[in-house]
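Novice: just a sequence and a predicted model for now, questions to come.
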Number of protein chains: 2
Amino acid sequence: MQLDTIDGFIIDLDGTVYRGATAIEGARDTLALIRSLGKRVVFLTNRGNYSRKMCQEKLKAMGIQAAEEEVILTSTVTAAYLRNADPDSKCWLLGDEGLREEMIDQGIRLATKPEEADWLVITLHEKLTYAELNSAFRAVRSGAKIIATNEDKTFPGDDGESIDVGGLISAITSTTGQEVSVVIGKPSAYMSDAALRSLGLPPERCLVIGDSLNSDIRLGKQAGIRTALVLTGSISRAEAEASELQPDFIWESIADLIALSALSPYSGRNEHVV
Amino acid sequence: MQLDTIDGFIIDLDGTVYRGATAIEGARDTLALIRSLGKRVVFLTNRGNYSRKMCQEKLKAMGIQAAEEEVILTSTVTAAYLRNADPDSKCWLLGDEGLREEMIDQGIRLATKPEEADWLVITLHEKLTYAELNSAFRAVRSGAKIIATNEDKTFPGDDGESIDVGGLISAITSTTGQEVSVVIGKPSAYMSDAALRSLGLPPERCLVIGDSLNSDIRLGKQAGIRTALVLTGSISRAEAEASELQPDFIWESIADLIALSALSPYSGRNEHVV
């Protein structure tokens, strides 16, 4: 890979930069290198249960700086979608506090009762209670359409693979008979458009780095962006090589970029600026 | 209906005897009448989240007496199934405290970690948390088979129609790719067999009274037991009459039995004993 052909990096978080509360080895140094080369960065995650502020703080605790506009969550893009597509609508939320923070921050109107909602916004909710699930069920039963930040079935949690928003969605759809109207998360064009807009770059000058074939690599393929799959998530090299969805590069981890940069025309410059 | 052709009543609870914490009007008097006529009774419910003790206490608070063997919950029958079909197995439970109480009471072995479970027993859980849902997901992901007390999608709660165990089942099956192995609840033969065994009567001498076409009426049809649908649950007369599943009788409520008894050969005797 020629690093000088890339001006912007679209980087996944869970399984790529960190797993649970722990940074992937070398992630901080890799980000420092990318910054030192003057490249642009956007962190693009299917998490909708954090606010951008919470995400910035988590990265900061790992020694990784990110401006607010460099963090794009599915909650961010979901709010933007609703603001454009249905500006007068009222929403009911099923998700962690971060979703509420992000929705209010973006000026989304919230319904005071489930029965009055036009939309149910649904994301991963690691503090879910039955009462909250039941309220979401009632919102949809009363006619609210479903917008999901993402459809992932599992995610790599601190203590192992964990059930994701996909399970909560199925609980609602199977009992109401309503389907999901909109899914915002990767690999959708909502997410790649948001990332490219934030970077201010054309797709051919960018690289997606992520651990999910179905989210990250598929997003890149669909948007004409090159892709690097890292093996620090839930996929093994054998699984990756057997897939019909072939990334441009397969790396052990995001830190492979450090070794690659040493081989690139940037290596001299790199030594000066790190 | 000739009351003298019936020796045993198989009576549903939610929507038939009570709704939430409130007794259906006339239910207590109807039960008193049935007792006074010397008929046998079994309460047969798809709830698996109560223990029989909890159920007896709830009925008692409404002025309705029931012996322990006259209450058959899906948790009761689930425990009996596991004891017979897989006696050495260890179970992980997803359900309210009543499920745990009933399982321990019936000598079912519980796994100490989700990953060690042979079975996930799943029932309605009105105090569900994400952590509990995630543990159930991990049990199934690690190979536990799924046994559901019932598959109902909704139930009539105190404050309106509420999401039932069907939603929790879908959350697990959709994220693990595993199907449910056994469903115990009505209309299954597990439930009708348990009821008839408890009554000690042949099916043709019994009557099922319930508010659900799909649970109660179907159970009766499949087991050769006559059926009376009550309209105090979630079904209207028009819906009942339009259904392909025709009960033998459609009653406004369980209390219709009082008026019917006045027309029956028992009416004289009834006047003496009530």
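Specialist: Good, I have the coordinates.
Novice: tell me where the model's unsure across the stretch 1-150 of chain A.
Specialist: Applying pLDDT under 70 to the stretch 1-150 of chain A picks out residues A:1.
Novice: all helices for it, in order.
Specialist: A:27-36, A:52-61, A:74-85, A:97-105, A:130-141 (DSSP state H, counting those that start in this stretch).
Novice: in the second one, what's buried?
Specialist: Of the residues in helix A:52-61, those scored as buried under the neighbour-count criterion (16 or more other CB atoms under 10 Å in any protein chain shown) are A:52, A:54-56, A:58-59. C-beta: built from backbone N, CA, C; applies to glycine.
Novice: within the helices and strands, which one has the residue lying closest to A:S188 once chain neighbours are set aside?
Specialist: Distances taken as CB to CB, 6 or more residues apart in numbering or on different chains put A:L219 closest to A:S188, at 7.5 Å, once the chain neighbours are dropped. Using DSSP states H and E, the element containing A:L219 is helix A:218-223.
Novice: flag every buried residue along that helix.
Specialist: Buried residues in helix A:218-223 (16+ other CB under 10 Å): A:218-221, A:223.
Novice: quick check: mean pLDDT of it?
Specialist: Taken as a whole, helix A:218-223 has a mean pLDDT of 98.
Novice: go on, stretch A:252-264?
Specialist: For stretch A:252-264, the per-residue pLDDT averages 88.
Novice: can you give me the strands in the stretch 151-274 of chain A?
Specialist: Listed in chain order, the strands of the stretch 151-274 of chain A (DSSP state E, counting those that start in this stretch) span A:154-157, A:160-163, A:180-183, A:206-210, A:226-230, A:249-251.
Novice: deepest-packed of those strands, please.
Specialist: Mean neighbour count (mean count of other CB atoms under 10 Å in any protein chain shown) peaks for strand A:206-210 among the strands of the stretch 151-274 of chain A, with a mean of 28.
Novice: re the thing from before, roughly how far does the residue nearest to A:S188 sit from A:I10?
Specialist: 8 Å (CB to CB, to the nearest Å).
Novice: and for A:L110?
Specialist: For A:L110, the distance to A:I10 equals 30 Å [CB to CB].
Novice: higher neighbour count, these two?
Specialist: A:I10 (31 against 14; other CB atoms under 10 Å in any protein chain shown).
Novice: residues contacting A:G167?
Specialist: By CB atoms under 8 Å, 6 or more residues apart in numbering or on different chains, the contact set of A:G167 is A:153, B:133, B:137, B:170-172, B:174-175.
Novice: the residues you listed in helices, which ones?
Specialist: Cross-referencing the contacts of A:G167 against helices under DSSP state H gives B:133, B:137, B:170-172, B:174-175.
Novice: ok, and of the residues you listed, which contact chain A?
Specialist: Filtering those for neighbours of chain A using CB under 8 Å from any CB of the partner chain leaves B:133, B:137, B:170-172, B:174-175.
Novice: neighbour count and distance to A:D159 for these - can I get that in CSV?
Specialist: Formatted as CSV, those follow (neighbours: other CB atoms under 10 Å in any protein chain shown; distance: CB to CB, whole Å):
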residue, neighbour count, distance to A:D159
B:L133, 25, 15
B:F137, 24, 13
B:S170, 22, 24
B:A171, 27, 19
B:I172, 26, 18
B:S174, 19, 22
B:T175, 26, 17
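Novice: make JSON lines from the residues you listed and add distance to A:Y190 to it.
Specialist: Shown next, in JSON lines, are those (distance: CB to CB, whole Å):
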{"residue": "B:L133", "distance to A:Y190": "28"}
{"residue": "B:F137", "distance to A:Y190": "28"}
{"residue": "B:S170", "distance to A:Y190": "26"}
{"residue": "B:A171", "distance to A:Y190": "25"}
{"residue": "B:I172", "distance to A:Y190": "29"}
{"residue": "B:S174", "distance to A:Y190": "23"}
{"residue": "B:T175", "distance to A:Y190": "23"}
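Novice: and which of these is nearest B:T45?
Specialist: Of all those, B:T45 sits closest to B:S170, with 21.9 Å by CB to CB.
Novice: isn't the closest one up against A:S170?
Specialist: Yes. B:S170 lies in contact with A:S170 (CB atoms under 8 Å); the separation is 4.2 Å.
Novice: which bits of chain A sit near chain B?
Specialist: Residues of chain A lying close to chain B (CB under 8 Å from any CB) are A:125-130, A:133-134, A:137-138, A:141, A:153-154, A:157, A:160-164, A:166-175.
Novice: and which of the buried residues of helix A:52-61 is nearest A:L231?
Specialist: Of all the buried residues of helix A:52-61, A:L59 has the smallest distance to A:L231: 21.4 Å, by CB to CB.
Novice: contacts only, for that closest one.
Specialist: A:17, A:43, A:65-66, A:71.
Novice: and those, which of them are buried?
Specialist: By neighbour count, with 16+ other CB under 10 Å, the contacts of A:L59 hold A:17, A:43, A:66, A:71 as buried.
Novice: residue contacts, the third one?
Specialist: With contacts defined as CB under 8 Å, 6+ apart, A:A66 is in contact with A:41, A:43, A:55-56, A:59-60.
Novice: closest to chain B out of the residues you listed?
Specialist: A:C55 (19.8 Å; CB to the nearest CB).
Novice: what's the domain layout of chain A?
Specialist: When chain A is parsed with automatic domain parsing, its domains come out as A:3-46+A:186-273, A:87-183.
Novice: which residues touch stretch A:223-233?
Specialist: Looking at what lies outside stretch A:223-233 - CB under 8 Å, 6+ apart - the contacts are A:1, A:6, A:10, A:14-16, A:19, A:24, A:156, A:189, A:192-193, A:196, A:203-204, A:206-213, A:216-217, A:219-221, A:235, A:237, A:240, A:247-254, A:256.
Novice: just the CA atoms of stretch A:70-89, as CSV, please.
Specialist: Below are the C-alpha coordinates for stretch A:70-89, written out as CSV (Å, rounded to 0.1, in the frame of the first residue of the first chain):
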residue,chain,number,x,y,z
GLU,A,70,-14.0,13.6,14.0
VAL,A,71,-16.3,11.2,15.8
ILE,A,72,-19.3,9.9,13.9
LEU,A,73,-21.7,7.7,15.8
THR,A,74,-24.8,6.1,14.4
SER,A,75,-26.8,8.2,16.9
THR,A,76,-25.3,11.3,15.3
VAL,A,77,-26.3,10.2,11.8
THR,A,78,-29.7,9.0,13.0
ALA,A,79,-30.5,12.5,14.4
ALA,A,80,-29.4,14.1,11.1
TYR,A,81,-31.6,11.7,9.2
LEU,A,82,-34.7,12.5,11.3
ARG,A,83,-34.0,16.3,11.2
ASN,A,84,-34.0,16.1,7.4
ALA,A,85,-36.6,13.5,6.6
ASP,A,86,-39.3,14.2,9.3
PRO,A,87,-38.4,17.4,11.1
ASP,A,88,-41.8,17.8,13.0
SER,A,89,-41.8,14.2,14.3
